[in-house]
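>>> okay, here's the prediction I keep looking at, along with the sequence it came from:
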Amino acid sequence: MRFHMNASSDDNEIAATTASAEHIRKFVFSCNVDDADGDRSRGPIEAVVERLEIKIPEILQGAYSFYTWPSAPILAHFLWERRQTLVCKRILELGAGTALPGILAAKCGAQVLLSDNCILPKSLAHIRKSCQANQLQPGVDIDVVGLSWGLLLNSVFRLPPLDLIIAADCFYDPSVFEDIIVTVAFLLERNRGAKFIFSYQERSADWSIEALLKKWKLHAASINMDEIGKQSGVDLLEFMGGHTIHLLEITLEDQERVGDLVE
């Protein structure tokens, strides 16, 4: 489990943006499934296409959280292929950024809370903009909250019960690794049975979270990515752009683990 990222940007470093600097990026999720609804007029076995399009506003001249990094669509496709299990699940996305995985989960019927750094109001505003671009009204259809990793402030204690915590590429700076792990450990302890599933881009062989997981009594298991995207006919390499991306599940060390990753 190795991570590397160039020095991260701050909201204060956001360049002056113009209309041409912002664009809408579309992500399409689809799946062919056997028709089992009993409608014989369409034949005994006929493919039914399920399709979801998500629009993500991006600011290419902006900070880290204003761009959809390759790990996000990987996690989003993983969730999409388990969308039936997401209905009514209570999900928190950490470091949501443009919030592609969380928005997808909400569109699939989950109760989603999107979060990012509480001291970056522009990042939180951009999350709300992503929600509105997909007809999700913050505070009504989906929630957005500012959190501070590693600091157990009131905002962390006010979080509702959770079934699942997700994140895409939040391990981008080794200075925040333990802050993230501390926050996750606290949330998993408060929500026994919950899991933390995250994707990350491998950038350096020098950075690791293994010692931190042991310190905070967490267990990590790698998720096989070989089958992800096949239901949709998607080649994940198109999203990876030559990068190496991994998908992990983290649970409490003493928590009984079961086969289904998203129950």
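Yep, it's here. This structure is a prediction, so every number in the text was calculated from the model and none was measured.
>>> now stretch 218-237: buried residues?
Using 16 or more other C-beta atoms under 10 Å as the test for burial, stretch 218-237 gives Leu218, Ala220, Met225, Ile228, Gly229, Gln231, Ser232, Val234, Leu236. Where you see a C-beta, it was placed from the backbone N, CA and C, and this is true even at glycine.
>>> what does it contact?
In this structure, residues lying in contact with stretch 218-237 by C-beta atoms under 8 Å, 6 or more residues apart in numbering are 1, 29-32, 74, 77-78, 80-81, 181, 184-185, 188, 197, 209-210, 213, 245-253, 255, 257, 261.
>>> list buried residues within these.
29, 31, 74, 77-78, 80-81, 181, 184-185, 188, 197, 209, 213, 245-252, 255, 261.
>>> any stretches of the stretch 51-200 of the chain with poor pLDDT?
Within the stretch 51-200 of the chain, the stretches with pLDDT under 70 are 61-63.
>>> can you give me the helices for it?
Applying DSSP state H, counting those that start in this stretch to the stretch 51-200 of the chain gives helices spanning 71-80, 100-107, 121-133, 154-157, 177-190.
>>> and the shortest one, how far from the chain's centre?
I take that to be helix 154-157. Distance of helix 154-157 from its chain centroid, counting by C-alpha atoms, centre = their mean, to the nearest Å, is 20 Å.
>>> for it, buried residues please.
Val156.
>>> what does stretch 71-90 give?
71-81, 83, 85-86, 89-90.
>>> in strands, which of the buried residues of stretch 218-237 fall?
Mapping those onto strands (DSSP state E) picks out Leu218, Ala220.
>>> return the residues in contact with the nearest residue to Ile59 once chain neighbours are set aside.
Once flanking residues are discounted, Ile59 sits nearest to Phe66: 4.1 Å by C-beta to C-beta, 6 or more residues apart in numbering. Counting by C-beta under 8 Å, 6+ apart, Phe66 touches Ile14, Glu58, Ile59, Leu60, Gly97, Thr98, Ser123, His126.
>>> equivalent analysis for Leu79, please.
Leu86, Pro101, Leu104, Ala105, Cys108, Ile166, Val262.
>>> got a pLDDT number for the last one?
With respect to pLDDT, Val262 scores 52.
>>> returning to that earlier point: in strands, which of the contacts of stretch 218-237 appear?
29-32, 197, 245-252.
>>> got the angle for the helix or strand that Gln201 is a member of vs helix 177-190?
Using DSSP states H and E, Gln201 maps to strand 195-202. For strand 195-202 against helix 177-190, the angle by axes from the mean of the first three to the mean of the last three C-alpha atoms, to 10 degrees is 160 degrees.
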